[in-house]
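> Starting from these lines, generate the structure:
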Amino acid sequence: MRVYKFRLYPAKNQELTLFKQLDLCRFTYNQLLEEFGRNKSKKHIQHYILDLKEKYPEIKQVYSKTLQYECYRLFSNMTGLKQSRKKGNKIGRLRFKGRDWFKTICYNQSGFKLIKQDKRYNMLHLSKIGDIRLLQHREFEGKIKGIIIKRKVDSWEAHIITNGKYKIEKGNKVIGIDLGIISFLTDNEGNKISSPLYYKKSLLRLKKLQQNISRKKKRSHNRYKAKIKVAKLHEHITQQRDDFLHKITTKLINDCKFIGTENLNIKSMQRSAYNSRNINDCSWGKFLQMLDFKAESAGCQVVKVNPKDTTKKCSNCGEKQNMPLYKRQYDCPYCGMSLERDINSAINILRCALEQGTAETDKFLPMKQEAQNQNCNFRSG
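Modelled structure (predicted):
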């Protein structure tokens, strides 16, 4: 499945209808969750929607497939809790959804129709809502399987789900990459990509906006408007970060057929490091997730290795030494090699990844080691 996101521009009366249906979907979900506490039979919960329609006639204003999806959402959340419990996480019960914690209306299989026009704005027909203007900035592939209407901070989006395949071509390079904070990415050939740190750059503006909230009277309309400004800034930072990650991962897949990277325990790093804010700002987990998805669709191989001692180990002779964070140059006292620590780590990551890879990729190891040794600058004497 592939998802396309398009901006919606509903009229005022349509926006009121969307808010009302969003609240009715939330009410239905909460009622199903309450009934689930009494009777945990899935068949009973599905049939309970009919009882809700008789008890609360206003629920009939929502398309029937949309209400059925709330039952699916409930059991999907329960499955997620069970899987989290199996991993050893401490979890509680499902919570009832408040007004600000429910932001999607789902049309599954039917109840929608895309009406194409000659203009830039097409029309999206939604059952029991009407025709809404949709800014279709690009064509999508495949057949529409479902549509999710999502409430953003001060706008609406349509997520169109199709059965189209994600098409991306791979390259011919074989590289190892080291992730960091100052340099987001460093490969074994010495190429670097600086980390943008969008959240850090917006901290001053965010601080002023949050100070503005504290000056406003609680539960006032001015305080609500100030909160919207903060939420819009956070949304803008997220969009900047996603755009950066999409461009980087696409370029890597277009250039490479084999990528070695670290299998980082990011949660543990966030808890133990004093630099956890910048670690979150880099979003390594999302980067690796995007890289895996795009590599699978292109036929590119991504191998994750244990990051232990990849920084301490000399990429030329294999000896180890302590490398505190302030030490940015790797100077080996045994063989005399002098190399930047991130490049040295990337070379070690590539070597470990090739050893773990398939027999087809093992033949690149001698060739890559020759290229790596050419990048090393040896001390005289």
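
> give me the number of residues near residue 56?
13 (other C-beta atoms under 10 Å). For every residue, glycine as well, the C-beta is placed using N, CA and C.

> Tell me where the stretch 251-381 of the chain has strands.
Ranges of strands in the stretch 251-381 of the chain, per DSSP state E, counting those that start in this stretch, are 256-262, 301-305, 329-331, 337-340, 377-378.

> What strands flank the fourth one, and is each parallel or antiparallel?
This points to strand 337-340. Applying DSSP bridges to the sheet, strand 337-340 is found paired with strand 329-331 (antiparallel), strand 377-378 (antiparallel).

> Now the weakest link among these, please, by mean pLDDT.
For the strands paired with strand 337-340, mean pLDDT drops lowest on strand 377-378, to a mean of 36.

> Please tell me how far the residue minimising distance to the centre of the chain sits from residue 40.
Closest residue to the average C-alpha location of the chain: residue 286 at 4.8 Å, with C-alpha atoms, centre = their mean. Distance of residue 286 to residue 40, computed by C-beta to C-beta, to the nearest Å: 35 Å.

> would you list every one of the helices in the stretch 151-300 of the chain?
Listed from the start of the chain, the stretch 151-300 of the chain has helices (DSSP state H, counting those that start in this stretch) covering 198-201, 203-215, 221-255, 266-272, 276-282, 284-298.

> So which bits of the second one are buried?
So that's helix 203-215. Within helix 203-215, the residues that count as buried by 16 or more other C-beta atoms under 10 Å are 206, 209, 212, 213.

> Tell me which other helices or strands it touches.
On a contact count with 3 or more C-beta pairs under 8 Å, 6 or more residues apart in numbering; DSSP states H and E, helix 203-215 meets helix 221-255.

> Check the fourth one too.
Under the contact criterion of 3+ C-beta pairs under 8 Å, 6+ apart, helix 266-272 touches helix 276-282.

> next one: the helix it packs on to chain centre, how far?
Averaging C-alpha positions (C-alpha atoms, centre = their mean, to the nearest Å) puts helix 276-282 15 Å from its chain's average.

> circling back: distance to residue 345 and mean pLDDT added to the helices of the stretch 151-300 of the chain, as CSV?
Listed next are those as CSV, based on distance: least, C-beta to C-beta, whole Å; pLDDT from 0 to 100:
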stretch, distance to residue 345, mean pLDDT
helix 198-201, 23, 96
helix 203-215, 29, 96
helix 221-255, 17, 95
helix 266-272, 15, 85
helix 276-282, 16, 92
helix 284-298, 14, 94
